[in-house]
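In: following is a predicted model, sequence given first.
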Amino acid sequence: MWIFVAGVVVFFATHLLPTAPALRERFVARLGDNGYRGLYSLVAFVGLVMIIWGYGEWRTAGPAVLYVPPLWTRHLTMLLMLPVFVLLIAAYAPGRIKARTKHPMILAVKIWAFAHLLANGDAASVALFGAFLAWGVIDRISLKRRTPAATGGGAAVVNGSARNDLIAIVGGLLVYALFVWKVHTWLIGVPVLM
């Protein structure tokens, strides 16, 4: 459990650094832009590895069950997960989806975390998905506050191509289908379809 907690602290401290622009700028001034990005990536990766390792150990130890979700929440989770992979791809394929959602990756993380909180009631899962949901909410609020100041009064609306939207939708649904079919079981050890 402590490896998990330490990983959460390291990972989210890193990811919350951009919400404090003055502190971030001090790191960039000291390390340079590439040095900052490299250190940021390394520390975030170490935190993520600690989260995954600690979460696995905590679940193996049998964490306390905080609530038992009803069976229907699994179906709701699967439904809520449909747009998650579409949004993740849309974050890298600028299109109308990205323009409308503004920050599709953060939205994807929030939906993913909320959906998994509906289907998992053990303490390890609540801590994991609750932490990601809290980060998503905090980061989105921070982005709303940072964007106008950084862009001189508001972010420009960018209308991307319909082709990129099609790529995001088809690619996202394909990845979703693969996760439902086998990938979730292979990566996480928990089958989606039982």
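Out: Good, I have the coordinates.
In: give me the distance between Leu193 and Phe114.
Out: 21 Å (CB to CB, to the nearest Å). Bear in mind the C-beta positions are built from the backbone N, C-alpha and C, glycine included.
In: and what of Val10?
Out: 23 Å.
In: of those two, which one has the most company?
Out: Each of Val10 and Phe114 has its neighbours counted (other CB atoms under 10 Å); Val10 has more, 19 against 16.
In: Provide a list of residues in contact with that one.
Out: Neighbour list for Val10: 43-44, 46-47, 50 [criterion: CB atoms under 8 Å, 6 or more residues apart in numbering].
In: tabulate these (TSV), appending secondary structure, neighbour count and pLDDT.
Out: Output for these, formatted as TSV (DSSP: H, G, I helix; E, B strand; the rest coil; neighbours: other CB atoms under 10 Å; pLDDT from 0 to 100):
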residue	secondary structure	neighbour count	pLDDT
Val43	helix	16	94
Ala44	helix	17	93
Val46	helix	15	96
Gly47	helix	20	94
Met50	helix	20	95
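In: how does this structure divide into domains?
Out: The chain breaks down by automatic domain parsing into domains covering 1-62, 64-194.
In: which pLDDT value belongs to Thr151?
Out: In this model, Thr151 is scored at 39, pLDDT.
In: and what of Val65?
Out: Val65 is given a pLDDT of 94.
In: what residues are up against it?
Out: Neighbours of Val65 in contact, by CB under 8 Å, 6+ apart: 121-123.
In: among these, name the ones in helices.
Out: Residues of these located in helices (DSSP state H): Ala123.
In: tell me the one of the contacts of Val65 nearest Gly32?
Out: Among the contacts of Val65, Ala123 lies closest to Gly32 (CB to CB), at 41.3 Å.
In: how many neighbours does the closest residue in space to the closest one that isn't next to it in sequence have?
Out: Spatial nearest neighbour of Ala123, chain neighbours left out: Pro63 (4.0 Å); criterion: CB to CB, 6 or more residues apart in numbering. Using other CB under 10 Å, Pro63 has 17 other residues around it.
In: count of residues packed around Ala93?
Out: 22.
In: isn't it right up against Asn164?
Out: Yes: if you go by CB atoms under 8 Å, Ala93 and Asn164 touch, sitting 3.9 Å apart.
In: what about the protein, any weak spots by pLDDT?
Out: Residue ranges of the chain with pLDDT under 70: 147-159, 194.
In: could you identify the helix or strand that succeeds the host helix or strand of Asp139?
Out: Assigned by DSSP states H and E, Asp139 falls within helix 123-151. Downstream of helix 123-151, the first helix or strand assigned by DSSP H and E is helix 162-178.
In: which elements pack onto that next one?
Out: Applying 3 or more CB pairs under 8 Å, 6 or more residues apart in numbering; DSSP states H and E, we find helix 162-178 packed against helix 72-90, helix 96-101.
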